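[1] Model the following, please.
(2 chains)
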Amino acid sequence: MLALVVAHLLVSLVLPGLTGRHTRIAFGVAALPPAAALCWVLAHSRAVLSGAGPVEAVNWAGPLGLGFAFRLDALALVMTLLVSGIGVLVLLYAGWYFERGSGDARRSAPLLLAFAGVMLGLVLADDLLTLYVFWELTTICSFLLVGQSGVTRESRRSSLQALLVTALGGLVMLLGFIVLGEAGGSYRISELAENPPTGAPLSVAAGLILAGAFTKSAQLPFHNWLPAAMVAPTPISTYLHAASMVKAGVFLIARLAPVLAGVAFLPAVTAVFGIATMLVAGWRALRENDLKLLLAYGTVSQLGFMTVLAGSGSYTGSLAVAAMLLAHGTFKATLFLATGVVDHQAGTRDIRELSGVAGRLPWVTTVSVVAAMSMAGLPPMVGFVAKEAAFEAFLGGGWDVAVEVGLILGSMLTVAYSARMLWGAFAVKPGVRRNEADPAPAALWIPPAVTALGCLALGVGYPLTDALTSAYAGRIAGHEGEYHLGLWHGFNPPLAFSALTLLGGLALFALNTRLNRRRELLPAGMSAQHGYERVMGSLERVAVGVTGRIQVGSLPTYLAIILLTVLVVPGSVLLFRETPVENLRWWDRMLQLPLALVILIAAAGVARARRRMTAVLLVGVVGYGIGGMFVLGGGPDLALTQFLVETLTLVAFVLVLRRLPARFTETESSRGVRVPKVLLALGGGVFVGFASLIFSSARDTASEVSVQYLEHAEEGTSATNVVNAIIVDFRAFDTVGEISVLAVTATGVASLVLTARSSRRRRHARSRRDIAVTSPGTSSGERGSEVS
Amino acid sequence: MSSVNLTMAIVLGGLYATGFYLLLQRSLMRVLLGIVILGHGANLLLQQAGGAPAGRPPMLGEAPVRLMSDPLPQAMALTAIVITFALTTFLLALAYRAWQLLGHDEVQDDVEDRRIRRLESELAEGESAENEQELDSEATR
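    Residues are numbered from 1 along each chain as shown, chains lettered A, B, ... in the order given. Below you'll find the predicted structure:
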């Protein structure tokens, strides 16, 4: 399964080269990997439905328990049919939709294919972290596909909104995954489903994971990114924002339903948010004039519907959600693709400008009618089958009644906006000029025709749909249920609800124009978009405030803060330590005392010096003094190196100082600044001195390593000088690294100095020329360049 | 338990204090000198932290092993000395180049940060003015 995903990504890497010249061939090639995935899944479908689907795990970082795990089960099968099946159709359609060789086509072909690959990985994932990785990859694909070239402000804003909202949800979800994985002792979904964790961790994890699912599946109050994302070209809206990606949230709830079965609040939360979303978005869809926006709000509404079903956790509810996933994928893809054709051929998708399209595009109209019937839940479409099951799932008493009422009201809205969509796109409207739409090429109407056929076939062939969905529902509920999907269950409440829904919806549609006029009089209430904008605005405001206060831009201040932190945090640990400082002695050798005095006096001199040369020479004194300390401390090699390096450093300083002014140029800082600096520096000195005492007294023997080195130096390296043996033999690679550091530094120094020299020469030459040209008498340019 | 050398600790404290003080200055050259002194201090600290009192050089055959200084801190310090040298020369070249380009070798505050600071105070003023207006309009209502 990993191979299939990787194949998608590899082909998408090759595509950019092909798309520029042969756009349609490129999209054709892009359709091959999803087609292969579809064939592979279909070949395994029998095994999957009997509960023995293929499983695959690729170990990546074994000790960390990281790996890619995949499992093709019934739910994954349903989703793969959608992802790969609709993927093939959309890619073929896109080849004719995009202008040949256009920038959008060149960007979209590889990205769409890559998206198909990562979405496949997402639905097949059996590991929480694998799932998360693919989840975020789909977010990134969505961002790039919505943004396209990013020329218009709207596309930039919409893509950013989609990215921020879904990535934020994704991060919260990751937190939930980690809580779940740590509490359950495994990140494998199949293992967690068998031994789900319990108690508070499970509840916390469920809450966090729902946040991710709700943002991705555009539930209230996060739903606004989805309609905003409709600025993307229609094939992309079809594939990502109707048929596959936005279902990831619902899929996640459905996937984790066995793990989260113990969470008491899950059905209530999903019901409240789902029904609210279903009603608000359905109501909004009745007002939109842009066909794509109308459909987008319809998608949001249907996602709410599916969220309710996915969270229910019952057998019939699970049956309904799986059927609804199939139904929504087929009818929404059809409607979006058909809208794309109308837009492409008639040049507009505004309801107020479209009229009489049905006569010009008969095929497109036919498939749209089929799909809209499925959306409205009319027999014999799969939408009807799924909706019957959904009504059946909430026939119990108690709160089920409220849910059922919500679903019926939401479905009425669905019927109304389905009718409005058909009327708006295809009907002849009085007072609107008829559109001169050209007949659509076959490649544009065949893909929606195939999906429309899917609506019909899955409805009429309901035993097949039942087989597909009941395998999943059986796993969730743990037993086979009584209920089976079908077109006819006799005269029962769901059938009555369906009839009620249809009548109510048609009435709503008939009243809609009048309602819309009233609605304009209502005050504009809360808008999710305003909320988003306000949150983003205040986020930026806080960022300015924090940056303005914390990032003052002064190096001394930053260093002082670091030093202060060192003093406060490790310093307080030192003060309240338990290790004693014992056996103080003044010196190891008498000579250390005068040497220490020399070093300290020189150091104090450096701090006070106003002339550069004085300061440098005093630093040299300190360095030689340290060398003397090394001689006394039994380190002749160390002392030798110290003397040599100190001399070289002095030479380098003198070479540079030759060109700099004699005194330090900095302005004398005021007393109020200097005193804290002195105090802070003294505090740092005391801290280090004190720490060295503690370090020193904590050790009583030479380290294990040193003893080993001392023992093995002679036989191992045939050297008597142990320090040498360490540097050139035992730790030779460290020394090689050190030499390369020196080489890099030398290169850097050389380039800096040489640049300086050549630019000086150039300036020199130019000023000479200037003098020669302008005024031969003055030599100010000459002097100026010498000074610099 | 070994004894602890107090003189060395005082020298270390002095060196680090000087180094920190120079590091807090605005002249790049003084900052650089501070880094050099801190480097010296660090090398000395390695020896002091080794714990054992100063002994004979770690040359086999010259003295009994138990009287020798610990060779490991010495090897570390040896490496550190050379790396400090590399760092010093590079910083020196940078300071020189900065002086050439800018005409001074001072570490100035970042102008962009100053700009953000000003923006922040402007925004805060604007907000308080807005609040005042709101209060006024509420009071007259």
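[2] how much space between residue A:487 and residue A:585?
    99 Å (Cβ to Cβ, to the nearest Å). C-betas here are computed from N, CA, C, even on glycine.
[3] now residue A:38
    From residue A:38 to residue A:585 the distance is 83 Å (Cβ to Cβ).
[4] Compare these two (neighbour count), which wins?
    residue A:38 (19 against 12; other Cβ atoms under 10 Å in any protein chain shown).
[5] Pretty sure the more buried one sits against residue A:85.
    Yes. Using Cβ atoms under 8 Å, residue A:38 is in contact with residue A:85, at 5.6 Å.
[6] mind listing the helices for the stretch 351-500 of chain A?
    A:357-360, A:362-376, A:382-393, A:399-426, A:442-460, A:462-477, A:493-521 (DSSP state H, counting those that start in this stretch).
[7] Can you tell me the element residue A:115 falls in?
    Under the criterion DSSP states H and E, the helix or strand holding residue A:115 is helix A:103-124.
[8] buried sites along that helix?
    A:104-124 (16 or more other Cβ atoms under 10 Å in any protein chain shown).
[9] who does it touch, helix- and strand-wise?
    Packing partners of helix A:103-124 (3 or more Cβ pairs under 8 Å, 6 or more residues apart in numbering or on different chains; DSSP states H and E): helix A:2-19, helix A:23-30, helix A:32-49, strand A:66-71, helix A:74-97, helix A:128-147, helix A:234-238, helix A:248-256.
[10] For residue B:108, find the nearest of those.
    helix A:128-147 (38.8 Å; Cβ to Cβ).
[11] how big is the angle separating the closest one from helix A:103-124?
    160 degrees (axes from the mean of the first three to the mean of the last three Cα atoms, to 10 degrees).
[12] Okay, helices next: where are they in chain B?
    Secondary structure of chain B (DSSP state H): helices located at B:6-23, B:28-49, B:71-102, B:111-140.
[13] model confidence over the second one, on average?
    This points to helix B:28-49. Across helix B:28-49, pLDDT averages out at 91.
[14] Could you list every helix and strand that it packs against?
    Using 3+ Cβ pairs under 8 Å, 6+ apart as the contact definition, the elements that helix B:28-49 packs against are helix A:592-608, helix A:612-632, helix A:636-657, helix A:671-698, helix B:6-23, helix B:71-102.
[15] do the same with the longest one
    Using 3+ Cβ pairs under 8 Å, 6+ apart as the contact criterion, the neighbours of helix B:71-102 among helices and strands are helix A:636-657, helix A:704-717, helix A:722-725, helix A:732-773, helix B:28-49.
[16] can you give me how far it is from the chain middle?
    Helix B:71-102 sits 13 Å away from the centroid of its parent chain (Cα atoms, centre = their mean, to the nearest Å).
[17] again with stretch A:65-77
    Offset of stretch A:65-77 from its chain centre (Cα atoms, centre = their mean): 21 Å.
[18] and chain A, what are its domains?
    For chain A, automatic domain parsing gives the domain ranges A:268-525, A:734-788.
[19] Quick check: pLDDT value at residue A:785.
    Reported pLDDT at residue A:785 in the predicted model: 39.
[20] re earlier: how about the helices and strands packed on helix A:103-124, which one is nearest residue B:119?
    Once those are compared by Cβ to Cβ, helix A:128-147 is nearest, at 27.7 Å.
[21] what about residue B:65, how many residues close to it?
    Residues near residue B:65, counting by other Cβ under 10 Å: 14.
[22] Surely it and residue A:710 touch.
    Yes. Under the criterion of Cβ under 8 Å, residue B:65 makes contact with residue A:710 at 5.6 Å.
[23] which residues does the residue lying closest to residue A:159 once chain neighbours are set aside contact?
    Spatially, and ignoring its direct neighbours in sequence, residue A:159 is nearest to residue A:147 (3.4 Å; Cβ to Cβ, 6 or more residues apart in numbering or on different chains). Counting by Cβ atoms under 8 Å, 6 or more residues apart in numbering or on different chains, residue A:147 touches A:155, A:156, A:158, A:159, A:160.
[24] what about the first one, helix or strand, and which?
    Right, the one you point to is residue A:155. Going by DSSP H and E, residue A:155 is in helix A:153-184.
[25] low-scoring stretches of the chain, by residue?
    In the absence of a named chain, this looks at chain A. A:520-526, A:665-669, A:700, A:769-788 (pLDDT under 70).
[26] Wait, chain B was what I had in mind.
    Ranges of chain B meeting pLDDT under 70: B:1-3, B:51-54, B:140-141.
[27] Which parts of it belong to which domain?
    According to automatic domain parsing, the domains of chain B span B:6-108, B:110-141.
[28] hang on, the earlier thing: need the helices and strands packed on helix B:71-102 in CSV with distance to residue A:43 and mean neighbour count, can you?
    Converted to CSV, these look like this (distance: least, Cβ to Cβ, whole Å; neighbours: other Cβ atoms under 10 Å in any protein chain shown):
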stretch, distance to residue A:43, mean neighbour count
helix A:636-657, 72, 18
helix A:704-717, 61, 16
helix A:722-725, 66, 25
helix A:732-773, 54, 13
helix B:28-49, 67, 24
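[29] Minimum distance to residue A:50: which of those helices has it?
    Of the helices and strands packed on helix B:71-102, the one closest to residue A:50 (Cβ to Cβ) turns out to be helix A:732-773, at 58.4 Å.
[30] do the closest one and chain B meet?
    Yes. If you take Cβ under 8 Å from any Cβ of the partner chain as the test, helix A:732-773 does meet chain B, through A:734-735, A:738, A:741-742, A:745-746, A:748-749, A:752-753, A:755-756, A:759-760.
[31] how much does that helix deviate in direction from helix B:71-102?
    Angle of helix A:732-773 versus helix B:71-102, following the same axes, to 10 degrees, is 20 degrees.
[32] tilt between helix A:732-773 and helix A:704-717?
    Per the same axes, to 10 degrees, the angle that helix A:732-773 makes with helix A:704-717 is 90 degrees.
[33] what angle do helix A:732-773 and helix A:636-657 make?
    Using the same axes, to 10 degrees: helix A:732-773 against helix A:636-657 is 10 degrees.
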